[in-house]
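A.B. asks: Next one to model:
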Amino acid sequence: MPQQSLLRIVKRWKKYVPRKHFAEIPRMTRGFYVLYREQLGGHYEVSYIGIGGLGKKSAIGGRIKSHNTHKKDWTHFSFFEVHDNVTGDEIRELEGLLLAIFSDDSRVELSNIQTGSSKFKETRKPALWR
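C.D. replies: Numbers count the residues shown, from 1 in each chain. A predicted model of the protein is given here:
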């Protein structure tokens, strides 16, 4: 069972789950997930950040299952289920935020086609900070 949370956005989560256990994610789970490549010494390298649960057939478990067939380089995943009152737009914003943080990190090799949110690019350097 995923850990329960007292957080305002994330309801529960489970980290570093071996790839073969993706079917254990509760049905219709909404939120975001991370795919990792296990490295020597038990370290995990982020390879993909995604979201699920915006449509009837796109819950996190289904999204991770789809990666099982076309993304071969990951070994583990983490998922973060959001509370029921978190909207689809807010889930997309969380994904954009995570992609914006990690897209320029030389230690992370994301295989995401999408590298961030245009909203974050538009507001990247407000006039106050120029």
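
A.B. asks: Quick one: low-confidence residue ranges for this structure.
C.D. replies: Under the criterion of pLDDT under 70, the regions of the chain flagged as low confidence span 1-5, 56-57, 71, 105-109, 111-130.

A.B. asks: how much distance is there from whichever strand or helix holds Gly96 to the middle of the chain?
C.D. replies: Counting by DSSP states H and E, the element that carries Gly96 is helix 88-102. On the basis of Cα atoms, centre = their mean, to the nearest Å, helix 88-102 is displaced by 9 Å from the centre of the chain it belongs to.

A.B. asks: same question, stretch 79-98
C.D. replies: 9 Å.

A.B. asks: Which helix or strand contains the residue nearest the centre of the chain?
C.D. replies: Centroid-nearest residue in the chain, with Cα atoms, centre = their mean: Tyr33, separated by 2.9 Å. Using DSSP H and E, the element containing Tyr33 is strand 31-38.

A.B. asks: follow-up on the earlier one: so the residue nearest to the centre of the chain sits against Gly61, correct?
C.D. replies: No - with contact defined as Cβ atoms under 8 Å, Tyr33 and Gly61 do not form a contacting pair (9.3 Å). Yep, even glycine has a C-beta here, placed from its N, CA and C like the rest.

A.B. asks: shared neighbours of those two, which are they?
C.D. replies: Here Tyr33 and Gly61 share the contacting residues Gly52, scored by Cβ atoms under 8 Å, 6 or more residues apart in numbering.
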